[in-house]
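Trainee: Prediction below, plus the sequence it came from.
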Amino acid sequence: MKGSKNTNNDRDWTDTETEAWMGLVKAQQLLSRNVEDELKKKGYPPLNWYDVLWELDRAEDGSLRLNDLGKRVLFDKYNVTRIVQRLEEEGLVSRTQCPVDGRGIFACITDKGRMLRREMWPVYKETVKKSFFSKFNKKELKELKNFIERIQASGLEETI
C-alpha cells in the first residue's frame, strides 16, 4: 500500500518472543526436512507415509478410523485420506467401512506396510539422533520436554 509503513506497533511481540516463535517453527521445519531428505536418499517414501504407517502399526489392532488417524499424525492432517489412498494403492494399508457407522472408514496396516515401516525406522531414528538429540544433554532434553508439556497442557492440542 502506498505510504504504509511497518512499525513496531504492528506487532506486540518482543524481539525475544519473535525469535523464540520463529526459531521453533523453523527448527521443526529443518528437522522434518532432514528426516525427509535422508529417507529419500535411501529410496524410501515420504515422511508423512511413515507417520501414517507408524500410527497404524502402534494402534491396538493395526487399524484406526481415518478421523482418529488424522488426530494422531504429526504431519499433513488435512490430507490423511489422500495419503491413505496412496498407501492402499501400494498395498501398505487397506481401507474398510465401519460396520457400525457406514460413513466411517478404517485404515488398516498390512504386513507389507509393517515391513516397510520397520525398514524405514533406522533411517528416521538415526537422523533424529544426529539432527536433534545430539544437540542436547539429558538435562536439556528433560527441560525441553517439560516446556513442550507446558504448551500441551494449555489445551492447544485439542484445537488442532
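Mentor: Good, I have the coordinates.

Trainee: quick one: low-confidence ranges for this structure?
Mentor: Flagging of the chain using pLDDT under 70 yields the residue ranges 1-10, 101-102, 156-160.

Trainee: just the helices in it please.
Mentor: 15-41, 47-58, 66-72, 80-89, 111-131, 138-153, 156-159 (DSSP state H).

Trainee: Deepest-packed of those helices, please.
Mentor: helix 47-58 (a mean of 22; mean count of other C-beta atoms under 10 Å). Placement of C-beta: from N, CA and C, glycine included.

Trainee: Of all the helices of the chain, which one is nearest residue 98?
Mentor: helix 66-72 (9.7 Å; C-beta to C-beta).

Trainee: quick one: the closest one to chain centroid distance?
Mentor: 12 Å (C-alpha atoms, centre = their mean, to the nearest Å).

Trainee: picking up where we left off before, quick check: which of the helices of the chain is nearest to residue 105?
Mentor: Of the helices of the chain, nearest to residue 105 by C-beta to C-beta is helix 66-72, at 5.0 Å.

Trainee: Would you confirm that residue 65 contacts residue 100?
Mentor: No: under the criterion of C-beta atoms under 8 Å, residue 65 is not in contact with residue 100, lying 10.5 Å apart.
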